[in-house]
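Sharing a model that was predicted from the sequence below.
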Amino acid sequence: MKSTVTALGIAFAGLSAAQSGLWVDLSSYRSPGDTYARTDAAMRTYAINTDRLTQLQRDRMKAIGRYNDRIPFSLPATVRLAINGRPLAPVRRDPGDLVLVFDASGTYAFPSAYRALLQSVFDTAKATLNVVFGRPASGGNVLVKNYDASIGDRDAVAGGYFLPNNGSNQPEIRFPEYNSPEAAAVNFLHVLLLAYIGPSAYGFDGFQEGLARAATMKVARSPGALPGTLDPGLIEATLDNTYDVGAFYDWYNQRALGGRQFIASNLRDVPLPPGGSLGGIYLLRFQMAGSAWQKLIAENPGFIAEFNRRVYLQPGAAGDIVALAAIGQAALDTVKGATNSLVEGLSFPNWLRRQYVLETKDTLGVKLLVQPTPITSGLGGSDYGVFDVSATYFETQVGGNEILLSGLAYPAFWDQSYNRVFPSAQEDQMPISGAYGSVTPNLPDLNGGVPYRCVVDIPVGDRVARAYLPAGSVATASNPTPNNFYGTVTGLTLTSGATARVRVMSGSTVLAQPALRNGSFGALVNNASFNGYARLKIDVIRTISGADSIQMTRFVNKGPGELALDLRVGGEVNYTLPGGLLKGIQMVGLPVDPWVSSASDLLGLPDNRILIARYDPSLVTYDLYPDTGAVLQGHGYFVRVDAAQTLVVPGRTHPGAAVLVALKPGWNMVTCPLTENVETNRIQVVRTSEFPATYAESAGVTLGSEFFEFKRGANDAASGAPETGTMVPAVRFEPGKAYFVRVLVAEGISLLFRPTTLTARPGPAFKQTGWRLKASLTVTPATTVAVLGQSNTGTRNFDRREDSGIPPRIGGVQMYVESTEPLYKDVRRVNLGETYKLRMDGLVKDKIYTVNLNQMLGTAPQFVLKDPAWLIYRTLRAPASYSFKAKSTSHRIEIQVYGGSQ
Amino acid sequence: MKIRLFALVVAALVILACGGGGGGGGGGQTATISGRVLSVVTGGATSPRSTVTVGSTTITTQTDGSFEIVAPQGTSSLLVDTLSAWGTFTFTFPGASGTVDVGDLFVGPQKVTLKGKVISSATDLPIEGAAVSFAGRHGETGADGKFSLANVAYNSASQTVFWGIAGDVKALNFFATQFSAQPHVSVLGVVTVDDIRMTPADDINPPPTPFNIWGRVSPTASGPGSIATLKESGVPVRIYNVGSDSFYRFWVPPGSYTIEVVNGALTGSATATLTTTNEKIRRDVTLN
């Protein structure tokens, strides 16, 4: 018998926004046994797939002592049924307590001792469950069945599931038999909470799973909330395995986590290929969702209960993120007893949009996440800053499907001054296969035992994922006892004699205030106010001549255990695009990382009015929105809007830090990733695992010798706005503007943009010889330019060092030199007779145009200008000009110089 | 575990001129051939250590699988004996001269044929003559872009190492690229990898500005100089001066449009309905 398992988004589009979870179509209802067989099969596929998709991450965590593989892996779930495409309505009763109903005997009965354990877990935990999560949305009987007997592979199928309607109008839990009573207790709590939500399920995994997981952790850790026979250590180990990553929440809070559904349908509902795809972001998404809500209840223990209560009263809100944000603020106000209450110092909607894992809109495109974890055990020798650095690389496609990608990254490690650090040859490359890659650098002791902030950039294709790591501040071979409070600070300027420290407080009690050294800090905090659930105030304090000044304050909530922080002084901004968006077409980019991923939210426009395009040199064509994915810092885009509008983008920056932008081979659309102008002498070019080069050294070698910006053309007579334009060479990167940069090497390169606060690293400029002549054609408001000339080293062929191609042609007026390819700059060998064919496209027939010819470098020789269309010959010397009437949309003139002239 | 496949093709092709077959010598001149013999089961050196033979010279690999062997100039093959049930593997390469690194030579319990196709990312057309390397095996694509590498080491029990091997592809006028066999497994002794897309390096025909409604105006002689007007509900929303390529291009939001093209007394029109912002519609227009 073949079961049909499908994603709600495909088969039940009408309800897809309403409820998360797995869907099973029974095709035609036959019997409870048939239902069990089908749902068990769906859950078996889900469990095998999730086991496989998380294997590499779990193996990696086990290898560094952060995963106990003796505890069964599980991801409990909600399974919903449909018959012939029609979803079964969940059983809805009046709110009230649940009553668990076990089979006394038969196929689905538990052994009596195990049944007693489950009942005991519920009875003991019920009061705490009700306090933490609120009373069940729908009370009454819930069947609890043993499905252990019907499943073959124990390890792959551990974890229970909840059916809001089992096909017989009963809610039902199906649960396996665990050898470990602690694992049974934790997972049973989780499934019970899914039953608590019952018919009022959320539309997004971030809420449905996140809230249940945060509450599971809270209840499991509450004294007396579980039977006293259970081992608290093993309960905590179960939570550490698959629930709690709160310690590293700051580090892992990245855009790639977001989306309506944590495991894409194509990876969840159908069997994966033999051998399987072992990588993926999937366990981390579940962990981060629970850890996000854990931060909220650390400060407001009653929040989830109040939040759920309000959502149960407003069923339509469960799949409406705007409504959920409003309910969240109302719930926060209620539990705090005050209006406009805050969590971690932010209103609920502002807090919500900073948690990428709770972003509920799917955005398409390639995504990259970096996941660093400190290694603190078994240190020896020169171990100073040992981290596991994993990367996940995948693509979200239309419909929410995710494709696990492969690639090769060249991790770049930077010290506090952005000098490239090479930990060892093993870390020079990070092969990514099936979405997953990792390295284990030992960040070296660079400062005689003084810690430092080490930046890790993982560039793959045109994506970069960054982590700030506190080298020497967690545990070292000479100081092996791990600190439990550590992190980095960026954006703090310390003049000579100034010092800084990071103060952590609980209420008015100072728990620790470690010194900030080279952007890194760490301390071992032995205080109950820190070690458990805590609401902390973090101050970055600068001291000059004995006077303290607080440079930034953050409120951070945490669960039990250590805490890693990424603190950015002035790192949150509301960036205003200079001049705003203009009516018509333009080329723009952002120097900030927007909180929102959706371009619709970013621009405030409906999806069907958004015209965004980004050139993909791999495909040699433009991606059009929504294929462009999220608008990312450092990426350039064409944007076309119907009306001028201001654009204010809330997001975060890398204050005072150099920022890396990754480029693919070919033409790339790049923007300045800093909020200041950046000249090319403050850009370093990073190629694979080589020592960075200056821009001047790289121009013509790994990069095109010129880069270009877009000048808007004349207004389209119909739209009243520019719809085309001209590419002109640029001399600097300005925030808000985008540029075409050409990469000449197969492995791509990255550009490191350094702010003025960092020491510039100018390199020797390429010395130009001979002469250059600039030909320009102005068609208001834009001017198009081409350069021709001769030098000691130029040739008639394309010389990377001296010639420059034009970027993708823009449809407006464009001048170029016809050569082996269209050239913006064509430099040939000096003293040879040459003819340069200057072509102009995008002209209007019968209109008069004027070409100006001016000296740029040296002294251009006398030349003959020929206009074949009008049979005109003129002998000229720059500066000179020539006017002609266009006979068609294209026109060509020739510039002929004689040999031996200089 | 990290697996590195060191590219050898370029270096090897450079020395092709030295020619010669397996044992050919050039007046007593010698070449030094280095590389590593790795297990497709573990990704590390074989156990026991393998031997490498060229002509009458046999050496044992180092503990990390590496080897360096002096051979007559022009040598183009070597024999790896795993000294285990895996048996022997013969690897071929362009005739050696000077010092040549033949990269990582994988051996294992099974041998498969690796098949695939190399295409241009710009056109999806096959690329002929692309040099493909994988796990120490080398081949070239045919006119259909397809390649076939025989005797590639394989481990049917686990593909983890096999999938971690980075294959190399090089072709004239394209940026070199790498590929992985993941997630494919052997079917009847053949592993067929996904199409390998290569990016053109000679980007001589860059595209125009973004567009989603476009088309050619014909006859060809009448296209250039035409005026294309895009109308929505009868109202002009864009005007395009058709250039020498005879194409018009518009970038507009979803909607139902009419394209009207005029060149003197000649006119033509077409309609297009865009349903999504990322849809691209081509409508050629003939002037009459």
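Ah, there it is.

I figured A:Q397 hits A:L364, correct?
Yes - look at A:Q397 against A:L364 with C-beta atoms under 8 Å: they come within range, at 6.5 Å. Glycine gets a C-beta too; all of them are placed from N, C-alpha and C.

which secondary structure element contains A:F740?
strand A:738-743 (DSSP states H and E).

Not counting that strand itself, show me its contacts.
With contacts defined as C-beta atoms under 8 Å, 6 or more residues apart in numbering or on different chains, strand A:738-743 is touched by A:587-589, A:615, A:617, A:635-637, A:663-671, A:702-704, A:707-710, A:727, A:730, A:733, A:749, A:751, A:805, A:807-808, B:203.

try it again with 6 Å
Here strand A:738-743 makes contact (C-beta atoms under 6 Å, 6 or more residues apart in numbering or on different chains) with A:587-589, A:636, A:663, A:665, A:667-671, A:704, A:707-709, A:730, A:749, A:807.

Now, of these, which are buried?
A:587-589, A:636, A:663, A:665, A:667-671, A:704, A:707-709, A:730, A:749, A:807 (16 or more other C-beta atoms under 10 Å in any protein chain shown).

out of these, which touch chain B?
A:P665 (C-beta under 6 Å from any C-beta of the partner chain).

Just the ones of the buried ones among the contacts of strand A:738-743 in helices?
Among the buried ones among the contacts of strand A:738-743, no member falls in helices (DSSP state H).

Strands - which of the buried ones among the contacts of strand A:738-743 land there?
Among those, the ones falling in strands (DSSP state E) are A:587-589, A:636, A:663, A:667-671, A:708-709, A:749.

now for those, which pair is the farthest apart?
Within these, A:V588 and A:I749 form the most distant pair, 22.7 Å apart (C-beta to C-beta).

Need the CA coordinates for the helix or strand hosting A:D40. PDB is fine.
Per DSSP H and E: A:D40 is located in helix A:32-53. Provided in PDB are the C-alpha atoms of helix A:32-53 (Å, rounded to 0.1, in the frame of the first residue of the first chain):
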ATOM      1  CA  PRO A  32      -8.000   3.100  11.900                       C
ATOM      2  CA  GLY A  33      -5.400   0.400  11.000                       C
ATOM      3  CA  ASP A  34      -5.100   1.900   7.600                       C
ATOM      4  CA  THR A  35      -4.600   5.400   9.000                       C
ATOM      5  CA  TYR A  36      -2.000   4.100  11.400                       C
ATOM      6  CA  ALA A  37      -0.100   2.500   8.600                       C
ATOM      7  CA  ARG A  38      -0.100   5.600   6.500                       C
ATOM      8  CA  THR A  39       0.700   8.100   9.200                       C
ATOM      9  CA  ASP A  40       3.500   5.800  10.500                       C
ATOM     10  CA  ALA A  41       4.900   5.500   7.000                       C
ATOM     11  CA  ALA A  42       4.900   9.300   6.700                       C
ATOM     12  CA  MET A  43       6.500   9.700  10.000                       C
ATOM     13  CA  ARG A  44       9.000   7.000   9.200                       C
ATOM     14  CA  THR A  45      10.100   8.900   6.000                       C
ATOM     15  CA  TYR A  46      10.200  12.100   8.000                       C
ATOM     16  CA  ALA A  47      12.300  10.600  10.700                       C
ATOM     17  CA  ILE A  48      14.700   8.800   8.400                       C
ATOM     18  CA  ASN A  49      15.100  12.000   6.400                       C
ATOM     19  CA  THR A  50      15.700  14.200   9.300                       C
ATOM     20  CA  ASP A  51      18.100  11.700  10.800                       C
ATOM     21  CA  ARG A  52      20.100  11.800   7.600                       C
ATOM     22  CA  LEU A  53      19.800  15.600   7.000                       C
END
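
now it, how far from the chain's geometric center?
Put simply, helix A:32-53 sits 31 Å off its chain's centre (C-alpha atoms, centre = their mean, to the nearest Å).

in that helix, what's buried?
Buried residues in helix A:32-53, defined by neighbour count with 16+ other C-beta under 10 Å: A:34-53.

try stretch A:513-529
Buried-residue list, stretch A:513-529, by 16+ other C-beta under 10 Å: A:514, A:516-523, A:525, A:529.

cool, and stretch A:116-135?
By neighbour count on 16+ other C-beta under 10 Å, the buried set for stretch A:116-135 is A:117-118, A:120-122, A:124-126, A:128-129, A:131-135.

again, but for stretch A:88-102
Of the residues in stretch A:88-102, A:88, A:90-91, A:95, A:98, A:100, A:102 count as buried by neighbour count, 16+ other C-beta under 10 Å.

before we move on, what about stretch A:564-573?
Residues A:564-569, A:571-573 are the ones in stretch A:564-573 that count as buried (16+ other C-beta under 10 Å).

which of the residues you listed sit farthest apart?
The widest separation within the buried residues of stretch A:564-573 (C-beta to C-beta) is 23.3 Å, between A:A564 and A:V573.

Alongside chain A, which residues does the stretch 51-200 of chain B contribute?
B:121-122, B:159, B:163-164, B:175-176, B:180, B:182-183, B:185, B:199.

out of these, who has the most neighbours?
B:Q182 (26 neighbours; other C-beta atoms under 10 Å in any protein chain shown).

thought it was touching A:A435?
No - using C-beta atoms under 6 Å, B:Q182 is not in contact with A:A435, being 9.6 Å away.

Just the endpoints, please. Distance across stretch A:412-432?
Using C-alpha to C-alpha, to the nearest Å, the gap from the first to the last residue of stretch A:412-432 comes to 15 Å.

mean confidence for it?
For stretch A:412-432, the mean per-residue pLDDT is 88.

Just the buried residues of it, please?
A:412-416, A:418, A:420-421, A:423, A:427-432.

Break down the stretch 351-500 of chain A into its helices, ranges please.
For the stretch 351-500 of chain A, no helices are identified by DSSP state H, counting those that start in this stretch.

Just give me the neighbour total for whichever residue of the stretch 451-600 of chain A sits closest to chain B.
Nearest residue of the stretch 451-600 of chain A to chain B (C-beta to the nearest C-beta) works out as A:I585 at 6.9 Å. A:I585 is flanked by 27 other residues according to other C-beta under 10 Å.
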